[in-house]
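J.: Here is a sequence together with a model predicted from it:
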Amino acid sequence: MKTEIPVWKKSNLTIQEAAAYFGIGMQKLRQLTAKEDCPYVLWVGSKCLIKRVMFEEYLRDVYSI
């Protein structure tokens, strides 16, 4: 049995989850996470996960994306 965890409780989000949670398009999220030194990205193999809390802090500090 798989337990469903609410997105706002997850520490890492997939691109799809982050797009729905933050209201940002998937293509824009892929552009933002493409840099190697991106501090709010966790790569698990070839899967890109966004560190939710760090990305929230990033969005709080930027004027536009």
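T.: Looks like it came in fine.

J.: Which neighbouring elements make contact with the longest helix along the chain?
T.: Counting residues, the longest helix found in the chain (DSSP state H) is helix 52-61. When contacts are defined as 3 or more CB pairs under 8 Å, 6 or more residues apart in numbering; DSSP states H and E, helix 52-61 packs onto strand 12-14, helix 15-22. Glycine gets a C-beta too; all of them are placed from N, C-alpha and C.

J.: quick one: the first one to chain centroid distance?
T.: Read it as strand 12-14. Per CA atoms, centre = their mean, to the nearest Å, the displacement of strand 12-14 from the mean C-alpha position of its chain is 5 Å.

J.: picking up where we left off before, just say which of the helices and strands packed on helix 52-61 is most tucked in.
T.: Counting by mean count of other CB atoms under 10 Å, strand 12-14 has the highest mean neighbour count of the helices and strands packed on helix 52-61, with a mean of 19.

J.: Give the other helices and strands that it contacts.
T.: Strand 12-14 packs on strand 47-51, helix 52-61, going by 3+ CB pairs under 8 Å, 6+ apart.

J.: Ranking the ones you listed by mean neighbour count, which comes first?
T.: strand 47-51 (a mean of 18).

J.: Report the angle between it and helix 15-22.
T.: For strand 47-51 against helix 15-22, the angle by axes from the mean of the first three to the mean of the last three CA atoms, to 10 degrees is 30 degrees.

J.: residues in contact with strand 47-51?
T.: Outside strand 47-51, the residues that touch it by CB atoms under 8 Å, 6 or more residues apart in numbering are 11-15, 18, 29-30, 33, 39-43.

J.: ok, now with 6 Å
T.: 12, 13, 18, 33, 40, 42 (CB atoms under 6 Å, 6 or more residues apart in numbering).

J.: so what's the fifth one up against?
T.: Residues counted as contacts of residue 40 (CB under 6 Å, 6+ apart) are 50, 51, 54, 55, 58.

J.: closest to residue 22 among these?
T.: residue 55 (7.3 Å; CB to CB).

J.: how about the nearest residue to the closest one, chain neighbours excluded?
T.: Counting by CB to CB, 6 or more residues apart in numbering, residue 40 is the residue found nearest to residue 55 once chain neighbours are left out, at 4.4 Å.
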